[in-house]
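Return atomic coordinates for the entry below.
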Amino acid sequence: MHWANLEKQDTTRLELALEMIKKSVGFDAQLVKDEPGNVLWRGYLASGYSSAADISKSLKRPADELTYLQKLVETRRLLAYQLGPPEPARNWPKLQKCSRSVARACSDEAYRLATRIWQRIVEDSDPKGAKLAIDQI
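Got it, this is the predicted structure:
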């Protein structure tokens with residue numbers, strides 16, 4: 001996936017980057033299937049979906065972008081479910097501070113995802129892309 005992210009920086013080679021990301025996502029999906037209890041593989045899979053959505057957006061493929069964003073949200077939902085609630089700690093003030101920063105980071109990410117989908121609905125000049133996003137909501 002690192003090679004694909006390097007290719008993503010060169011805007012003339014976005015197709016190659018997307019193909020590399022798709023292969024990486026395929027490998028990660030197989031790892032998740034083989035070891036469903038391993039949260040690391042699911043985290044890599046979420047990262048791959050995020051990169052694929054970004055590249056699809058750059059290539060102006062709203063249907064693909066929306067598909068990858070939906071898979072990203074579902075993968076992160078399963079990952080959060082798999083991790084479960086944090087275990088109670090003896091040092092409560094330190095845990096509260098950590099929990100606030102984690103909650104802030106998670107809410108920021110959820111906000112960014114919702115904003116991207118909303119932007120697709122409101123600002124997309126292609127009515128098909130907006131209709132796809134509206135149908136999914």
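
Could you use CA atoms for every contact and neighbour count after this?
Noted.

where does Lys97 land on pLDDT?
On pLDDT, Lys97 comes in at 58.

for Ser47, that is, sorry about that
92.

Tell me, how many residues neighbour it?
Counted with other CA atoms under 10 Å, the neighbours of Ser47 add up to 19.

now what about whichever strand or helix holds it, what contacts it?
Here Ser47 sits within helix 39-58, counting by DSSP states H and E. Applying CA atoms under 8 Å, 6 or more residues apart in numbering, the contact partners of helix 39-58 are 1, 5, 8, 14, 17-18, 21-22, 24-25, 28-29, 31-32, 62, 64-69, 71-72, 75-76, 79, 82-83.

Need the buried ones from those selected in ChimeraX.
This is how ChimeraX selects the buried members of those, with burial counted by 16 or more other CA atoms under 10 Å:
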select :1,5,8,14,17,18,21,22,24,25,28,29,31,32,62,64,65,66,67,68,69,71,72,75,76,79
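
ok so, going back, kindly format the C-alpha coordinates of the helix or strand just after the helix holding Ser47 as PDB.
Downstream of helix 39-58, the first helix or strand assigned by DSSP H and E is helix 62-83. Output in PDB follows, covering the C-alpha atoms of helix 62-83 (Å, rounded to 0.1, in the frame of the first residue of the first chain):
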ATOM      1  CA  PRO A  62     -18.400   9.200  -7.600                       C
ATOM      2  CA  ALA A  63     -19.900   5.700  -7.600                       C
ATOM      3  CA  ASP A  64     -16.600   4.100  -6.700                       C
ATOM      4  CA  GLU A  65     -15.800   6.800  -4.100                       C
ATOM      5  CA  LEU A  66     -19.200   6.200  -2.400                       C
ATOM      6  CA  THR A  67     -18.700   2.400  -2.400                       C
ATOM      7  CA  TYR A  68     -15.300   2.700  -0.800                       C
ATOM      8  CA  LEU A  69     -16.600   5.200   1.800                       C
ATOM      9  CA  GLN A  70     -19.400   2.800   2.700                       C
ATOM     10  CA  LYS A  71     -17.000  -0.100   3.100                       C
ATOM     11  CA  LEU A  72     -14.700   2.200   5.200                       C
ATOM     12  CA  VAL A  73     -17.500   3.100   7.500                       C
ATOM     13  CA  GLU A  74     -18.600  -0.600   7.800                       C
ATOM     14  CA  THR A  75     -15.000  -1.800   8.500                       C
ATOM     15  CA  ARG A  76     -14.500   0.900  11.100                       C
ATOM     16  CA  ARG A  77     -17.800   0.000  12.700                       C
ATOM     17  CA  LEU A  78     -16.800  -3.700  12.900                       C
ATOM     18  CA  LEU A  79     -13.400  -2.700  14.200                       C
ATOM     19  CA  ALA A  80     -14.900  -0.600  17.000                       C
ATOM     20  CA  TYR A  81     -17.300  -3.500  17.900                       C
ATOM     21  CA  GLN A  82     -14.400  -5.900  17.900                       C
ATOM     22  CA  LEU A  83     -12.300  -3.700  20.200                       C
END
